[in-house]
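K.L.:
here is my input; please provide its structure:
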Amino acid sequence: MITVLLVALAVYLVAGQQIAERAKTIYAASRIPAIDAKHVAAVALVVAAAISFVPRTSSTPTPAPFPPDAFTLRGRFVGPSAAADAATVSALCDELAACIEYDGMHDQRLKTGVAFDDLRVAAREARCKGDSIGARQPQARDAIHKFLDDAVGSSGGPVTPESRAAWVAALRDLARAAADVTR
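P.N.:
Here you go, the predicted structure:
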């Protein structure tokens, strides 16, 4: 709406006088009935009503669909705690990805695959307070284990920038897959 008003103001500033003179000439030559303030107000209300019914587009972008071969955990979380467990796994993986990514841009205290695994275990124990989601959700645990082995391998050795990026991508993919279960 503000855009329309700004454009109208710009047009008026540039060519307002010429447009007004041309409109007066056309109006004088035609046999249009006189328009009073009541008519102008009625037209303004109709225009305002029409503008208010124009559908608004969302400023939130629609997420792109995942490719058909994207990793999924649907059907892997089962039982009464399935949604809560999936949400916990999603949050945990997203936070781990953020920590590993941050560490790579700063001190790089996490220098080996063993350090990544130690961080994962410590975060899981702290978040779940010793409760094992893997014991409750063995299908999800096994799928996640296989996915991580395929995506980042099982080496506990030194981490390169490429392997760090692979860990971050894999953990974010896990977070997305677990969050998809809750939708």
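K.L.:
C-alpha from now on. contacts and neighbour counts both.
P.N.:
Fine.
K.L.:
for residue 112, grab phi and psi.
P.N.:
Here is the backbone geometry of residue 112 (degrees, to the nearest 10): phi -140, psi 160.
K.L.:
what's the burial count for residue 78?
P.N.:
The tally of other residues near residue 78 (other C-alpha atoms under 10 Å) stands at 16.
K.L.:
and it, that one's in a helix?
P.N.:
No. Assigned with DSSP: H, G, I helix; E, B strand; the rest coil, residue 78 falls outside any helix and is coil.
K.L.:
distance check, it against residue 146.
P.N.:
The gap separating residue 78 from residue 146 is 18 Å, by C-alpha to C-alpha, to the nearest Å.
K.L.:
and for residue 16?
P.N.:
Residue 16 is 70 Å from residue 146, by C-alpha to C-alpha.
K.L.:
try residue 23
P.N.:
Counting by C-alpha to C-alpha - residue 23 and residue 146 are separated by 75 Å.
K.L.:
go on, residue 92?
P.N.:
Counting by C-alpha to C-alpha, the gap from residue 92 to residue 146 is 18 Å.
K.L.:
just want to know which of these two has more residues nearby.
P.N.:
residue 92 (21 against 12).
K.L.:
wait, that one sits on residue 121?
P.N.:
No. Contact status for residue 92 versus residue 121: not in contact, 10.6 Å apart, counting by C-alpha atoms under 8 Å.
K.L.:
now for these two: what residues contact both?
P.N.:
Common neighbours of residue 92 and residue 121 are not found (criterion: C-alpha atoms under 8 Å, 6 or more residues apart in numbering).
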